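>>> missing the sequence, but the structure's below:
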């Protein structure tokens, strides 16, 4: 049987991480220099509860990442919830920023979400390019794809 | 030699990444190109652009003459005996595929293909494909604990018999240099055909295929200050002539009817379709550029840079260097050094270096078997070119210290 987070886990993680993720966004935005931005990112990645080892499966792996990254999606009552993680710390921080913007949103909100503009506004222009080593780009694309799907 | 003036000939190096001037330490992935090469290609496209070996008109005549002149330059550059021994390909990978595929009719079930454990995927996967198609099998030539090719193990493998031996000249990850002359002599004495992947060697040292005594030697233009899209397959004439073509069509034929096709002679027989003409012109200009330099002085300059790089990295307590120490029993490491910052993920290190304008490669370097021998998922690699300066090295070292402070405070 395929192991994946239960709907309850999606919802409780969403609730638990909403405030810390919002705080992370403002910390990154207000950081006075790149060193502080990345320090905040690395600490902020911890706002996401770690991805259980049994969830680090090939099926959940997002391809196109130099560091392994995994993404789970759950849709409920027209809203989308995500659980994700990466083995690299900065990428985990970037994923946290992404989930901060995408978790609990509707399909319409996610369709209108511009990940490049979002990172750029946070002063992280370079972090979203269609490079095969850039996990964040692949994750942002995957989130967009999943926002069209309902969880069965 | 005046290195700053050399550096000025590479326009791409003169730029900022964010607030930082670019430090390009990813030459092993691809080199930057000097003005001379850029101009040669632009001039060719502006005045001589035509297909080669085809039309009777003046432009095609000029294009063909320029294209074939590069073949002669390459013959001299690597000391081939005949111009027909130089085959233009689209890169190292295609060159190795051309050889592996071309040997299909010569390999039998049970034949052994020995492959350097440090080989990048381009010098492993085509051999695996050849093995799958012929019933031959691929065996890894082990490395020593130091990550150098294990010569005693290689000799034992040869003793058991091998049809083909595929070696790297310089490791793209570690920068270690194989004594390919000795290794090829041992292989030849046991009747094995030899292929040497010189992709990481040609930019850093003079290559003499006659002296090495290999059957095939392959490399890419883009790692030796020429454009991408062009590579070279050198083959000893008889060895090359025995290969069946990988691609057919275009000017590689002698006669074609619907009943039958006769293939032409070398080199055309192995150059199907329209070749990468503009890239070949650029490669010719890159050879002229390299030939205009004092190669011994250049090598001494690069060795000093490598020593500075290693010594600097050794002062950062968290750094784990994977490349073995230089040892008088071996040729000095060339071009690249591989390391990890403690247990930090290589991508985190790469991102923090990029923030400071430093370009290095972080990943598995298309050498997954080697990563597994090193016990890592990936690593970082700093690699130099003739335009690298001591200041570049110092900037890189300051940046890696900054990354270390952020990642492992």
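Thanks, I have it. On a predicted model such as this, the values are computed, not experimentally measured, just so you know. Numbers count the residues shown, from 1 in each chain, chains lettered A, B, ... in the order given.

>>> state the pLDDT value of the closest residue to residue B:53 other than its chain neighbours.
Nearest non-adjacent residue to residue B:53, counting by Cβ to Cβ, 6 or more residues apart in numbering or on different chains: residue B:251, 4.9 Å away. Any C-beta I mention is one placed from the backbone N, CA and C, and that applies to glycine too. pLDDT, residue B:251: 84.

>>> for chain A, see how far away residue B:251 is.
Between residue B:251 and chain A the computed distance is 35 Å (Cβ to the nearest Cβ, to the nearest Å).

>>> likewise for residue B:232?
Residue B:232 is 27 Å from chain A, by Cβ to the nearest Cβ.

>>> and that residue, how many neighbours does it have?
27 (other Cβ atoms under 10 Å in any protein chain shown).

>>> that one should be in a strand, yeah?
Yes: assigned with DSSP: H, G, I helix; E, B strand; the rest coil, residue B:232 falls within a strand.

>>> what sits against it?
B:74, B:78, B:86-89, B:95, B:218-221, B:283 (Cβ atoms under 8 Å, 6 or more residues apart in numbering or on different chains).

>>> was I right to think the residue nearest to residue B:53 contacts residue B:268?
Yes: between residue B:251 and residue B:268 there is a contact at 5.2 Å, judged by Cβ atoms under 8 Å.

>>> overlap in contacts of the two?
residue B:53.

>>> show me what contacts the residue in the stretch 151-300 of chain B that chain A sits nearest to?
Closest residue of the stretch 151-300 of chain B to chain A, Cβ to the nearest Cβ: residue B:173 (15.0 Å). By Cβ under 8 Å, 6+ apart, residue B:173 lies in contact with B:118, B:120, B:322, B:336, B:338, B:365, B:367, B:370, B:379, B:381.

>>> and residue B:272, by the same measure?
Per Cβ under 8 Å, 6+ apart, neighbours of residue B:272: B:245-252.

>>> which among those residues gets closest to residue B:198?
residue B:246 (19.6 Å; Cβ to Cβ).

>>> what residue ranges in chain A score low on pLDDT?
For chain A, applying pLDDT under 70 flags the ranges A:1-2, A:64-66, A:129-134, A:150-152.

>>> for the residue in it that chain B sits nearest to, what are its contacts?
Evaluated by Cβ to the nearest Cβ, chain A has residue A:88 as its residue closest to chain B, separated by 3.7 Å. Neighbouring residues of residue A:88 by Cβ under 8 Å, 6+ apart: A:66-67, A:135, B:345, B:347-348.

>>> quick one, longest helix in chain A?
Longest helix in chain A by number of residues (criterion: DSSP state H): helix A:7-30.

>>> after that one comes which helix or strand?
helix A:34-44 (DSSP states H and E).

>>> that next one vs chain B: in contact?
Yes: counting by Cβ under 8 Å from any Cβ of the partner chain, contacts between helix A:34-44 and chain B involve A:34-35, A:38-39, A:42.

>>> and the next element down the chain from the one helix or strand in chain B whose mean pLDDT sits lowest?
One helix or strand of chain B scores below all others by mean pLDDT, DSSP states H and E: helix B:3-7, with a mean of 82. The helix or strand immediately downstream of helix B:3-7 is strand B:16-17, counting by DSSP H and E.

>>> count of residues packed around residue 32?
Using chain A. 7.

>>> you answered for a different chain; I wanted chain B.
There are 20 residues near residue B:32, going by other Cβ under 10 Å.

>>> any idea how far residue B:240 is from it?
32 Å (Cβ to Cβ, to the nearest Å).

>>> likewise for residue B:159?
28 Å.

>>> one more: residue B:336?
30 Å.

>>> out of those two, which sits in the more crowded spot?
residue B:336 (29 against 24).

>>> tell me the contacts of whatever residue of chain B ends up closest to chain A?
Of all residues in chain B, the one sitting closest to chain A is residue B:345 (3.7 Å; Cβ to the nearest Cβ). By Cβ under 8 Å, 6+ apart, the contact list for residue B:345 reads A:67, A:87-89, A:91, B:378.

>>> nearest residue to it other than its sequence neighbours?
In space, residue B:345 is closest to residue A:88, 3.7 Å off (Cβ to Cβ, 6+ apart).

>>> who's in contact with residue B:342?
B:318-320, B:404, B:407-408.

>>> return the set of buried residues in stretch A:137-152.
Buried residues in stretch A:137-152, counted by 16 or more other Cβ atoms under 10 Å in any protein chain shown: A:137-140, A:142-143, A:146-147.

>>> and if you look at stretch B:30-48?
So for stretch B:30-48, counting by 16+ other Cβ under 10 Å, buried means B:30-34, B:37-38, B:40-41, B:44, B:48.

>>> among the contacts of residue B:342, which ones are buried?
By 16+ other Cβ under 10 Å, the contacts of residue B:342 give B:318-319, B:404, B:407 as buried.

>>> could you look up the SS state of residue B:274?
coil.

>>> how about it, nearest residue that isn't a chain neighbour?
Looking at residue B:274 with Cβ to Cβ, 6+ apart, the closest residue is residue B:51, at 5.9 Å.

>>> same thing with residue A:56?
Closest to residue A:56 by Cβ to Cβ, 6+ apart is residue A:70, at 5.5 Å.

>>> residues near residue B:68, how many?
Residue B:68: 15 neighbours (other Cβ under 10 Å).

>>> try residue B:146
Residue B:146, neighbours per other Cβ under 10 Å, totals 13.

>>> burial of the nearest residue to it once chain neighbours are set aside, as a residue count?
With Cβ to Cβ, 6+ apart as the criterion, residue B:146 has its nearest non-adjacent residue at 4.3 Å, and that residue is residue B:324. Residue B:324: 17 surrounding residues under other Cβ under 10 Å.

>>> thinking again about what came up before, name the nearest of the buried residues of stretch A:137-152 relative to residue B:190.
Out of the buried residues of stretch A:137-152, the member with the shortest distance to residue B:190 (by Cβ to Cβ) is residue A:138, at 47.2 Å.

>>> tell me which element the closest one falls in.
Using DSSP H and E, residue A:138 falls in helix A:135-146.

>>> now residue B:240
Using DSSP H and E, residue B:240 falls in helix B:237-241.

>>> whichever helix or strand comes after that helix pairs with which strands, parallel or anti?
As assigned by DSSP H and E, the chain's next helix or strand after helix B:237-241 is strand B:253-256. Looking at strand B:253-256 with DSSP bridges, its partner strands are strand B:261-263 (antiparallel).

>>> now the closest residue to residue B:72 other than its chain neighbours. Its backbone dihedrals?
Nearest non-adjacent residue to residue B:72, counting by Cβ to Cβ, 6+ apart: residue B:83, 5.7 Å away. Residue B:83 adopts backbone torsions of phi -60, psi -30, taken as degrees, to the nearest 10.

>>> equivalent analysis for the one 5 residues further on, please.
When read as degrees, to the nearest 10, the backbone of residue B:88 gives phi -80, psi 130.

>>> what bridges to it?
residue B:232.

>>> what's the neighbour count on residue B:255?
For residue B:255, the neighbour count with other Cβ under 10 Å is 9.

>>> gap between it and residue B:105?
Counting by Cβ to Cβ, the gap from residue B:255 to residue B:105 is 22 Å.

>>> likewise for residue A:100?
In terms of Cβ to Cβ, residue A:100 sits 60 Å off from residue B:105.
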